[in-house]
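K.L.:
give the three-dimensional model of this entry:
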Amino acid sequence: MLRRTISSWGIGMFLLAGVSILQGGCATMGEKPKTVLVTTDRGTAVYENKYEFKAPTGWKLLREVSGGDFEFGFLKFEKGDFPSQTTFIYDPEPFGSSQDLDTRAKQYCTRFLWNSGILAEVKRQDQIQLWGYPAIVLQLEGENPNRNEKSKSLVYLVKKGSRIISFTVTQWRPMNRGFDQEPFEQFETFVQSFKFLKRTFYEEMEEKIKNLKG
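P.N.:
Next up, the predicted model:
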């Protein structure tokens, strides 16, 4: 089941860590485990001292190791026949090259779930503001009758400064089973509460270039 989840996203190297947000560490032989996700007294969690958010309780932590297509996320295996599961993903470099949100959304959708056998159809697209930044919200659904599975996704593409980042939730279900709204509500809480604790490499580089130009 895990292999199917990862391949559905087109994800490269990854690490599945822990069952809850208190078990987010990993280490090689002989090294002291590094805690990558820690809870706060504010009811939030901090990931690698870079992001703070309200994490879904009891979900497994997904981490990029190297060469992957995302930075981190969460996975929940759910009751019911395969492929009953839901995944959150935060990606600082979603597929595409355009810095125009509408164009990037079109580019992104050409690759979305590309190796799953599902052609995801955009059911709705909205322009919004998220944390004061312009954003596009995509609602997508698709089916693969040959594998008796379907998917429902919600994607946020956010223009933060000069770059575009993304947040994605995808829920997988057998063809004869309905989708569960609760994980989508948890995803909304995750996204709306998301805070950046450090400037990114690109933001620091842009500031250096700006200072050099005077």
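K.L.:
give me the below-cutoff pLDDT ranges for this protein.
P.N.:
Applying pLDDT under 70 to the chain flags residues 1-33, 65-68, 201-211, 214.
K.L.:
what about the helices in it?
P.N.:
Along the chain, the segments classed as helices by DSSP state H run 2-9, 101-111, 182-192, 201-213.
K.L.:
for the residue sitting nearest the centre point of the chain, list the residues it contacts.
P.N.:
Nearest to the geometric centre of the chain sits Ile89, at 1.3 Å (Cα atoms, centre = their mean). Neighbouring residues of Ile89 by Cβ atoms under 8 Å, 6 or more residues apart in numbering: 9, 62, 70, 73, 166-170. C-beta here means a position set from N, CA and C on the backbone, and glycine is covered the same way.
K.L.:
for it, which non-adjacent residue is spatially closest?
P.N.:
Gly73 (3.9 Å; Cβ to Cβ, 6 or more residues apart in numbering).
K.L.:
also Thr39?
P.N.:
Ala45 (5.4 Å).
K.L.:
can I assume that neighbour is in contact with Pro56?
P.N.:
No - using Cβ atoms under 8 Å, Ala45 makes no contact with Pro56, being 9.7 Å away.
K.L.:
the residue nearest to Arg111 when sequence neighbours are not counted: neighbour count?
P.N.:
Spatial nearest neighbour of Arg111, excluding adjacent residues (Cβ to Cβ, 6+ apart): Phe95 at 4.3 Å. Close neighbours of Phe95, defined as other Cβ atoms under 10 Å, add up to 16.
K.L.:
show me the contacts for Phe95.
P.N.:
69, 107-108, 110-112.
K.L.:
closest to Gln125 among the residues you listed?
P.N.:
Tyr108 (11.3 Å; Cβ to Cβ).
K.L.:
okay but that closest one is in contact with Val155, surely?
P.N.:
Yes - contact status for Tyr108 versus Val155: in contact at 7.3 Å, counting by Cβ under 8 Å.
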